[in-house]
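Undergrad: below are the sequence and a predicted model for it; my questions follow.
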Amino acid sequence: MESPYWRPCDADGSNCHCDLRLELMDCAETYSASIVMKLQIALSIAVTLGATGILTFRLLFRGQKLVDYRGGRPQPQPILSMYILGITFNLLRMLHAIFLLTEVVQSKIVRSFLFDLSWQFGFGTFAAYLIGIASAVFDSNTVVTRGWKFSQSLVTKIGVAFLVLPVFTNNCCSVLIGYFAEKNNPQLADIFTRLLYTFWSCYCFALSSCVLYAGFGLIRLLDSHLRAVIDGRQYDVFKTGRVKVRIIMTVTVLCLMAFFLLLVVYMACKPIIQASVPFNIIICIIWNFAGPIATFFIEITFLLDPKMLKGPTFSATGSTFGQRSDETTIEIRGSLIDANKLPGAQYLQRGHELKVYNQSQSSMSSDVKQLMYQ
């Protein structure tokens, strides 16, 4: 028996609409949605091959490590982890579309779980970027950014929480949605759908806020280095790194906030949206194209400068660049800096300006390695 949850029909049963997360066939939207999902499969294949090629090149030919064992414990490299999470996301989205197009898997529990699981990996991609840019700020030998209130341990815990919490909260909801839909209990299925989208809305809003906060912190770090370097190769390095941070931060925040708004609207107006072919197809286009398009822009951003494919990994020690100057100037208005926490440096403070003299001559270059190479 067909459930009104995933295929609501008119009173005479002549005009049915699909919940395109769970069902595709024998609906008013079938033809248009099939085209959208076939295009999504093609786009997912393309961006997955691109990301796989970049990741393979870095691991095999540039000697980058997926896991760093410095400090005596394994630490996954955030930007390389972004590639793996992004690849997994696109593969799962492609698999979900194939299941709907071929009907090889009829279980609504599996379809609901797979649909939501894919977005957990997409969300995890942005969470890994949060950990990455926060680590770049904390790993810097010279920077104590104005207004940065959190410890590295706390930021790491926040990033891990964004990776783990959706697994527990959202998977339970998605499984129960499919279960109650199959049991022909649309009321309970709808309740857990609203609960699921409430979780996602909160996560998207919180992560976008954290990415903005950490991203602007890293941009301030790069700006301080740009003020210290007049021209030359290092200037181009920092300038390109700043552009990359801004682009990826913008893509991340736009995606997360767009999904936040979409989730709120869909949660509030699901019956109206599902009963309208144009609205249903618009939602289908957003669900299916947003991920591959975001993946494409992030890949292009990382490839803006061929220097990023060289050896160093996400680290703040060592450098492959020449040091134009061993003096770094950092604005510290409104900040209190403990000079003892600036290793390998001598300092001179004049008013609101702190001049840091790096004995290792590697600090500024290493501060943006993750931007240029990751």
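TA: Arrived safely, thanks for sending.
Undergrad: wait, what's in contact with the spatially closest residue to I293 that is not a sequence neighbour?
TA: Counting by Cβ to Cβ, 6 or more residues apart in numbering, L43 is the residue found nearest to I293 once chain neighbours are left out, at 7.5 Å. Any C-beta I mention is one placed from the backbone N, CA and C, and that applies to glycine too. When contacts are counted by Cβ atoms under 8 Å, 6 or more residues apart in numbering, L43 touches 289, 292-293, 296.
Undergrad: switch these over to TSV; also include neighbour count, distance to V167 and secondary structure.
TA: Shown next, in TSV, are the contacts of L43 (neighbours: other Cβ atoms under 10 Å; distance: Cβ to Cβ, whole Å; DSSP: H, G, I helix; E, B strand; the rest coil):
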residue	neighbour count	distance to V167	secondary structure
F289	15	25	helix
P292	24	23	helix
I293	14	25	helix
F296	16	26	helix
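Undergrad: can you tell me which of these is nearest D10?
TA: D10 lies nearest to F289 out of the contacts of L43, by Cβ to Cβ, at 29.6 Å.
Undergrad: in the chain, what helix or strand scores lowest on average pLDDT?
TA: In the chain, no helix or strand scores lower on mean pLDDT, DSSP states H and E than strand 327-331, which sits at a mean of 36.
Undergrad: these two touch, right, G178 and V105?
TA: No - assessed by Cβ atoms under 8 Å, G178 is found out of contact with V105, at 11.2 Å.
Undergrad: and I219, what does it touch?
TA: Taking Cβ under 8 Å, 6+ apart as the test, what I219 contacts is 242, 245-246.
Undergrad: quick one: mean pLDDT for the host helix or strand of it?
TA: Secondary structure assignment for I219, by DSSP states H and E: helix 186-228. For helix 186-228, mean pLDDT is 85.
Undergrad: for stretch 113-129, same thing?
TA: Stretch 113-129 carries an average pLDDT of 91.
Undergrad: re earlier: quick one: which of the contacts of I219 is nearest L154?
TA: Closest approach between the contacts of I219 and L154, by Cβ to Cβ: V245, at 21.1 Å.
Undergrad: burial of that closest one, as a residue count?
TA: With neighbours defined by other Cβ atoms under 10 Å, the count for V245 comes to 24.
Undergrad: right, and it touches I133 too?
TA: Yes - V245 is within contact range of I133, at 6.8 Å (criterion: Cβ under 8 Å).
Undergrad: give me the common contacts of those two.
TA: By Cβ under 8 Å, 6+ apart, the residues touching both V245 and I133 are 215, 218.
Undergrad: and the gap between the residue nearest the centre of the chain and E103?
TA: With distances taken as Cα atoms, centre = their mean, F126 lies nearest the centre of the chain, 1.7 Å away. Remark: distance between F126 and E103 (Cβ to Cβ, to the nearest Å) = 32 Å.
Undergrad: burial count for A258?
TA: 15.
Undergrad: isn't it up against F289?
TA: No - A258 lies out of contact with F289 (Cβ under 8 Å); the separation is 11.6 Å.
Undergrad: just give the closest residue to A290, not the sequence neighbours.
TA: A290 sits nearest to C255 (Cβ to Cβ, 6+ apart), 6.4 Å away.
Undergrad: ugh, wrong one, A127
TA: Using Cβ to Cβ, 6+ apart, the nearest residue to A127 is F162, at 3.8 Å.
Undergrad: then P186?
TA: Closest residue to P186 apart from its sequence neighbours, by Cβ to Cβ, 6+ apart: Y5 at 3.9 Å.
Undergrad: and the one you found, its phi and psi?
TA: phi -70, psi -50 (degrees, to the nearest 10).
Undergrad: okay, now it: neighbour count?
TA: 25.
Undergrad: check I133 too.
TA: 27.
Undergrad: likewise I45?
TA: Neighbour tally, I45, other Cβ under 10 Å: 14.
Undergrad: do the same with the one 10 residues further on
TA: Taking other Cβ under 10 Å as the criterion, the count of residues near L55 is 18.
Undergrad: so it belongs to a helix, correct?
TA: Yes - under DSSP: H, G, I helix; E, B strand; the rest coil, L55 sits within a helix.
Undergrad: so it touches I87, yeah?
TA: Yes - between L55 and I87 there is a contact under Cβ under 8 Å: 7.3 Å.
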